[in-house]
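Chemist: A predicted structure for the sequence below; I have some questions about it.
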Amino acid sequence: MDSKIKIIFYWLLIGVCFILHNSLHELEVFYGKNLDIINANGVIPLGVHIFTILSLVSPFILALLFMNFSSKGLSWSATIWSILFLLLNIIHLFETLIIERPFNLAQAVLLSFIVVSNILLTKTLWKFNKEFKVNKA
């Protein structure tokens, strides 16, 4: 399969998994998780908006960009972003497996899947960058 198609698919897959991850957290409410949030006034803070855009929306933006453009800058930016996501996802998986209580099996499986997908994305982007360099030389 073409590396560019794989990259687009991995970004879309990771984006969908991030949304599913949030949905699994919401599922806990249906089973009685208490949501007492101090000083919550119903307004989403700016920092949460920014984090949501950076984490939940950026995979879809990158997929869209890869569908329509091809440049060295885009490719390397996506690689750096993928590595940052990989670090974030590994840390979050570790927190879920070791620290969070009660243990959530669905989150552990999903986060493991995201880490594997993120590793494959990073590997494919790295390979794509090498191919891009050779093809443009």
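Modeler: Yes, it's here.
Chemist: give me the low-pLDDT residue ranges for this protein?
Modeler: The model of the chain has pLDDT under 70 over residues 134, 136-137.
Chemist: what's the longest helix in it?
Modeler: When the chain is parsed with DSSP state H, its longest helix is helix 105-136.
Chemist: Pull out the buried positions in that one.
Modeler: Counting neighbours by 16 or more other CB atoms under 10 Å, one finds that the buried residues in helix 105-136 are 107, 110-111, 114-115, 117-118, 120-122, 124-125, 128-129, 132. Where you see a C-beta, it was placed from the backbone N, CA and C, and this is true even at glycine.
Chemist: which helices and strands sit right next to it?
Modeler: Where contact means 3 or more CB pairs under 8 Å, 6 or more residues apart in numbering; DSSP states H and E, helix 105-136 is packed against helix 3-30, helix 72-94.
Chemist: hmm, who's touching the last one?
Modeler: Contact with helix 72-94 is made by 7, 11, 14, 55, 58-59, 62, 65-66, 108, 111-112, 114-115, 118-119, 121-122, 125-126, 128-129, 132-133, 136, as judged by CB atoms under 8 Å, 6 or more residues apart in numbering.
Chemist: buried stuff in it?
Modeler: 75, 78, 79, 81, 82, 85, 86, 89, 92, 93.
Chemist: ok, residue 66 - contacts?
Modeler: 4, 7, 8, 11, 74, 78.
Chemist: For residue 32, state which of the residues you listed is nearest.
Modeler: Each of those was checked against residue 32 using CB to CB; the closest is residue 11, at 35.2 Å.
Chemist: what's the distance between the most centrally placed residue in the chain and residue 120?
Modeler: The chain has residue 14 as the residue nearest its centroid, 4.8 Å off, counting by CA atoms, centre = their mean. For residue 14, the distance to residue 120 under the criterion CB to CB, to the nearest Å works out to 10 Å.
Chemist: what do you get for residue 11?
Modeler: Going from residue 11 to residue 120 by CB to CB gives 11 Å.
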